[in-house]
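Enquirer: fold the following.
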Amino acid sequence: MKKVKIKELFDIRKGKKAEEVENSDLRYIQIEDLRDNENIKFCSPSDSNILCNQDDVLIAWDGANAGTVGFGVEGVMGSTIARLRPKNEDFISEYVGLLLQSKFDFFQRTATGATIPHVSRKALENLEIPLPSLSDQKAIVAKLDRAQRLIDIDREMLAKYDDLIQSVFLEMFGDPVTNPKGWEINELGKVCDVGSSKRVYVKELVDEGIPFYRGQEIGKLSEGEDFEQELYLTQEHYQELIDHSGKPKNGDLLMPSICPDGRIYIVQDNREFYFKDGRVLWIKSGDSDINSFYLRYHLKALFHANYSEIASGTTFEELKIFALRELKILIPPTALQNKFQTEIERINKEIERTNQSLVKSEELFSSLVQEAFG
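Expert: From the prediction side, this is the model:
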C-alpha cells in the first residue's frame with residue numbers, strides 16, 4: 001500500500017494565544033477541546049488569530065498531553081495547538097485524524113523538551129502513513145465511527161444511571177440542603193467517628209506488599225476504575241499501623257480530601273490496605289446506625305451543592321476533619337435508608353452490565369484501529 005509522509009499531505013502551523021471573552025461567537029479551541037469537552041470557550045476576533053476549520057487535523061503541541069489529536073472543529077487555535085491543513089484532496093482528514101490518534105505513544109516517545117514536552121516537528125513531518133484509495137479510507141472511517149458509536153451509547157447510559165441515582169435520592173429524601181421533608185438533623189461527627197490514618201512517611205514505602213492508597217487511588221476505587229498499584233507497605237509495618245489506629249471495616253467510607261465530585265469509596269470486602277493520612281478521610285459508618293449507601297449519596301449531594309462552603313483552602317478546596325465532623329446531615333428513618341440501598345444495588349447491577357459492555361466496545365474499537373492502521 002502507498003505510504004506518504006505527513007509533510008507531503010499537510011501544511012503545519014501553530015496557534016497563538018487569544019483573549020478569552022464571553023460575548024463572542026468565535027470559538028477558542030484549546031487542548032481539552034481535542035477530546036470530549038462541554039466547557040466551550042470564546043475569544044475576540046483579531047487579525048492575529050490563527051483559524052482552523054473542520055477539514056483541519058489538530059494536534060496538542062505542548063504539555064503533558066502533547067500528541068493528542070482532534071478534528072472536525074473550527075475556531076481560533078490556542079498557542080498549545082497546531083493545525084495540519086490539507087494540501088490536496090487525496091485523502092479524508094477524518095481518516096488521517098483517526099490514524100494519528102492511534103500514534104499518541106509515538107508522539108510522546110519522540111517529544112522534545114526536558115521540562116515541558118513538545119511534539120517533534122521533524123518526527124511528525126516525516127511520519128509515513130498508509131494512504132489507501134478514497135473509497136477504502138471512507139470505509140475505514142465508517143467502520144470506526146460505528147464502533148465509536150457503541151462506546152458513546154454505553155457512556156451515555158452510564159451518565160443516565162448516575163442521574164437516575166441522584167433523582168432517586170431526591171425523590172426519597174428531598175434536597176439535603178433545604179430539608180423539605182423535615183427529617184431529623186445531626187452533625188456527622190455525632191453520628192459516626194470521622195478521622196484519618198496514622199502517618200506513613202515516604203521512606204517507609206516499599207515496592208511490594210500491602211497496598212497503600214492515596215486520594216487518587218481511593219477516588220478510582222469509588223468509581224470501580226482500574227489503576228496500577230504503585231505504593232506498598234511491608235506486612236510488619238501494616239500490622240503495627242492497624243494495631244495502633246485500626247483498619248476500615250465493611251461499610252466505612254473513605255474519600256480523597258479534595259473531593260468536589262463526591263468520589264467516596266464504600267469498603268465492602270476484607271482486602272488488606274492502608275491509606276495516606278490527611279489526604280484520605282475516614283468515616284467509620286460501618287459501626288454506626290446510619291446506612292453507608294445512604295450516607296455516601298447524601299454526602300455526594302451536599303458536596304455537589306455546597307462544596308466550596310464545606311471545604312477550605314486558597315490553592316485547593318480541601319475537606320478538613322473538623323469540617324466533616326460539624327457537617328449537618330439528615331437522619332431519615334432507617335427503613336427508608338435501607339430501601340434506598342436496595343434500589344441503588346439494583347441500579348448498580350445495571351451499571352456493572354453496562355461497564356462490561358463498554359469494555360467490549362472499547363476492545364472492539366482498539367482491534368479495528370489495529371487492523372486499519374497497524
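
Enquirer: low-confidence ranges, this structure, go.
Expert: 37, 313-315 (pLDDT under 70).

Enquirer: helix, strand or coil for the closest residue to residue 220 other than its chain neighbours?
Expert: Closest residue to residue 220 apart from its sequence neighbours, by CB to CB, 6 or more residues apart in numbering: residue 227 at 4.8 Å. (Glycine included, C-beta is placed from N, CA and C.) Recorded secondary structure, residue 227: coil (DSSP: H, G, I helix; E, B strand; the rest coil).

Enquirer: and residue 227, how many neighbours?
Expert: Neighbour count of residue 227, defined by other CB atoms under 10 Å: 11.

Enquirer: got the contact list for it?
Expert: 216-217, 220 (CB atoms under 8 Å, 6 or more residues apart in numbering).

Enquirer: just residue 193 next, same as before
Expert: Contacts of residue 193 (CB under 8 Å, 6+ apart): 283-284, 287.

Enquirer: show me what counts as buried in stretch 121-141.
Expert: 123-124, 127, 129-131, 137, 140-141 (16 or more other CB atoms under 10 Å).

Enquirer: against residue 269, how distant is the most centrally placed residue in the chain?
Expert: Residue closest to the average C-alpha location in the chain (CA atoms, centre = their mean): residue 220, at 9.0 Å. To residue 269, residue 220 is 16 Å away according to CB to CB, to the nearest Å.

Enquirer: could you do residue 223 as well?
Expert: From residue 223 over to residue 269 the distance is 16 Å, taken as CB to CB.

Enquirer: look at the two and report which has more neighbours.
Expert: residue 223 (11 against 5).

Enquirer: just checking, the more buried one touches residue 263?
Expert: Yes. Under the criterion of CB atoms under 8 Å, residue 223 makes contact with residue 263 at 6.2 Å.

Enquirer: now do the strands in the stretch 1-150 of the chain.
Expert: Counting by DSSP state E, counting those that start in this stretch, the stretch 1-150 of the chain has strands at residues 3-5, 10-14, 20-21, 27-29, 41-43, 51-52, 57-60, 69-71, 75-77, 81-86, 128-130.

Enquirer: ok, which of the ones you listed comes nearest residue 273?
Expert: Smallest distance to residue 273 across the strands of the stretch 1-150 of the chain (CB to CB): 35.4 Å, for strand 57-60.

Enquirer: tell me which residues of the closest one are tucked away?
Expert: 57-60.

Enquirer: again, but for stretch 152-161
Expert: Judged by neighbour count using 16+ other CB under 10 Å, the buried positions of stretch 152-161 are 154, 157-158, 161.

Enquirer: I'd like those as JSON lines, with secondary structure and distance to residue 210 appended.
Expert: Output for the buried residues of stretch 152-161, formatted as JSON lines (DSSP: H, G, I helix; E, B strand; the rest coil; distance: CB to CB, whole Å):
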{"residue": "154", "secondary structure": "helix", "distance to residue 210": "34"}
{"residue": "157", "secondary structure": "helix", "distance to residue 210": "36"}
{"residue": "158", "secondary structure": "helix", "distance to residue 210": "32"}
{"residue": "161", "secondary structure": "helix", "distance to residue 210": "33"}
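
Enquirer: including distance to residue 244, could the residues you listed go into CSV?
Expert: Shown next, in CSV, are these (distance: CB to CB, whole Å):
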residue, distance to residue 244
154, 44
157, 45
158, 40
161, 40
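
Enquirer: ok, these vs residue 234, which is closest?
Expert: Of the buried residues of stretch 152-161, the one sitting nearest to residue 234 (CB to CB) turns out to be residue 158, at 38.2 Å.

Enquirer: nearest residue to that closest one in space, please, no chain neighbours.
Expert: Residue 158 sits nearest to residue 354 (CB to CB, 6+ apart), 5.6 Å away.

Enquirer: just the element for that neighbour, please.
Expert: Assigned by DSSP states H and E, residue 354 belongs to helix 334-373.

Enquirer: from the chain's centre, how far out does that helix sit?
Expert: How far helix 334-373 lies from its chain's middle: 16 Å, per CA atoms, centre = their mean, to the nearest Å.

Enquirer: show me which residues of that helix are buried.
Expert: 337, 340, 343-344, 351, 354-355, 357-358, 361-362, 365, 368-369, 372-373.

Enquirer: and if you look at stretch 244-252?
Expert: For stretch 244-252, using 16+ other CB under 10 Å, the buried residues are 247-248, 251-252.

Enquirer: neighbouring contacts of it?
Expert: So stretch 244-252 is contacted by 197-198, 254, 266-270, 272, 274, 282-287, 292 (CB under 8 Å, 6+ apart).

Enquirer: from the chain's centroid, how far away is it?
Expert: Per CA atoms, centre = their mean, the centroid offset for stretch 244-252 relative to its chain is 27 Å.

Enquirer: rewinding a little: will you turn the contacts of residue 193 into a markdown table that also has secondary structure?
Expert: Below are the contacts of residue 193 laid out as a markdown table (three-state DSSP):
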| residue | secondary structure |
| --- | --- |
| 283 | strand |
| 284 | coil |
| 287 | helix |
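
Enquirer: could you export stretch 174-181 as CSV, CA atoms only?
Expert: The C-alpha trace of stretch 174-181 is given here as CSV (Å, rounded to 0.1, in the frame of the first residue of the first chain):
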residue,chain,number,x,y,z
GLY,A,174,-35.6,15.6,49.3
ASP,A,175,-33.0,18.3,48.9
PRO,A,176,-30.4,17.7,51.7
VAL,A,177,-29.6,21.4,51.9
THR,A,178,-33.2,22.7,52.4
ASN,A,179,-34.7,19.5,54.0
PRO,A,180,-38.2,19.9,52.6
LYS,A,181,-39.4,16.7,54.3
